[in-house]
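Colleague: could you look at this predicted model? Sequence included:
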Amino acid sequence: QNMYKEQEIIMMEREILMALQWRLNGPSPHEFIHCFTELLPSHLRSNFNLVSKITTASRIQAETAMMDYSLALQSPSSIACAALVITMQNKMTKDLLHPLDRLV
């Protein structure tokens, strides 16, 4: 239809990419894990070592889940949530968390 020149399209694409700050992919499970850990109770968030362990273990769980073909169509937030639940129920954190803090 020749409504726009090639240069105009290229300029608009650049403008869109700059507005998006080149973030073209949706959020990954890792980003959701980071957001979800910020929702932990304040007494847990203040323990940086604990949050770091929970985050690391959850990321490992999420990476393992993402390699499973049967989970390929699950949303990144679901994978992140499941990874956090598994981590929170793990023996590594059972001694560190109050039983009510493990409720989902």
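Modeller: Thanks, I have the structure now.
Colleague: quick one, strands of this structure?
Modeller: Along the chain, counting by DSSP state E, no stretch forms strands.
Colleague: do you have the helices of it handy? List them.
Modeller: 6-19, 29-37, 42-45, 48-66, 76-89, 91-94 (DSSP state H).
Colleague: for this protein, which spans come out with low pLDDT?
Modeller: Within the chain, the set of residues satisfying pLDDT under 70 comprises 91-104.
Colleague: could you list every residue that touches the closest residue to residue 61 other than its chain neighbours?
Modeller: Take residue 61 and drop its neighbours on the chain: the residue closest to it by Cβ to Cβ, 6 or more residues apart in numbering is residue 83, 3.7 Å away. To be clear about C-beta, it is placed using only N, CA and C from the backbone, and glycine gets the same treatment. Residue 83 sits next to 29, 33, 58, 59, 61, 62, 65 when contact means Cβ atoms under 8 Å, 6 or more residues apart in numbering.
Colleague: just name the closest of the residues you listed to residue 87, please.
Modeller: residue 58 (4.6 Å; Cβ to Cβ).
Colleague: count of neighbours near the closest one?
Modeller: By other Cβ atoms under 10 Å, 28 other residues sit near residue 58.
Colleague: ok, now the one 4 residues further on?
Modeller: Counted with other Cβ under 10 Å, the neighbours of residue 62 add up to 25.
Colleague: coming back round to it: now the residue nearest to residue 61: how far from residue 69?
Modeller: 17 Å (Cβ to Cβ, to the nearest Å).
Colleague: residue 31 too?
Modeller: 22 Å.
Colleague: looking at these two, which one has more neighbours?
Modeller: Per other Cβ under 10 Å, whichever of residue 31 and residue 69 has more neighbours is residue 31, with 14 against 7.
Colleague: for that one, list the residues it contacts.
Modeller: 76, 80.
Colleague: return the distance of stretch 12-22 from the chain's centre.
Modeller: Computed by Cα atoms, centre = their mean, to the nearest Å, the chain-centroid distance of stretch 12-22 equals 23 Å.
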